[in-house]
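> predicted coordinates and the sequence they were generated for:
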Amino acid sequence: MTHFGSAIRNRREHLRQKDRRYSLRQVALRIGIEPAYLSKIERCDVAPPSEATTIRLARELGEDPDVLLALAGKVSSDLQEIIRKRPRLFAELIRQLKEVPDHAILRVVREVRDGEW
């Protein structure tokens, strides 16, 4: 399992090889946190940051915010709100999709997105 901090550090270091603007200090300042705090996050010395900070970090590093939130063990507040409206239905849907292959899930997503209700 990939740890949130390790994933962040690997991505930032990969970007830094091509662009020095991705130093720990500069990334931290651009997303509005202290460099020491980002260092602790990357070393897994502290729990993953808040949803807002995780989203800013994802955008800064060119990552999908939902993926980083999942690595942090979190679900975005907009998804939580959607689930709260119909918790039983979404719980059942997610449980049923647990073992379904990705291509089948993509087909369901496309059907829902493109379907006329």
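That came in fine, so what should we check first? Numbering: from 1, shown residues only.
> so what are the domain limits for this structure?
With domains defined by automatic domain parsing, the chain comprises 4-71, 77-108.
> check which helices and strands the longest helix belonging to the chain sits against.
In the chain, assigned by DSSP state H, the helix with the most residues is helix 4-18. Applying 3 or more Cβ pairs under 8 Å, 6 or more residues apart in numbering; DSSP states H and E, one finds that helix 4-18 contacts helix 35-42, helix 51-61, helix 65-71. All C-beta spots, glycine's among them, are computed from the backbone N, C-alpha and C.
> in the second one, which residues are buried?
Taking 16 or more other Cβ atoms under 10 Å as the basis for neighbour counts, the residues of helix 51-61 that come out buried are E51, T53, T54, I55, R56, L57, A58, E60, L61.
> point out where this protein drops to low pLDDT.
Where the chain drops to pLDDT under 70, the residues are 1-2, 117.
> just want the most central residue of it.
Nearest residue to the geometric centre of the chain (Cα atoms, centre = their mean): L68, 2.0 Å.
> quick one: it and C44, what's the gap?
According to Cβ to Cβ, to the nearest Å, L68 stands 14 Å off from C44.
> ditto for L57
As judged by Cβ to Cβ, L57 and C44 stand 15 Å apart.
> for G73, same thing?
Distance of G73 to C44, computed by Cβ to Cβ: 12 Å.
> how about R95?
30 Å.
> who has more neighbours, those two?
Taking neighbours as other Cβ atoms under 10 Å, R95 and C44 compare with C44 leading, 14 against 9.
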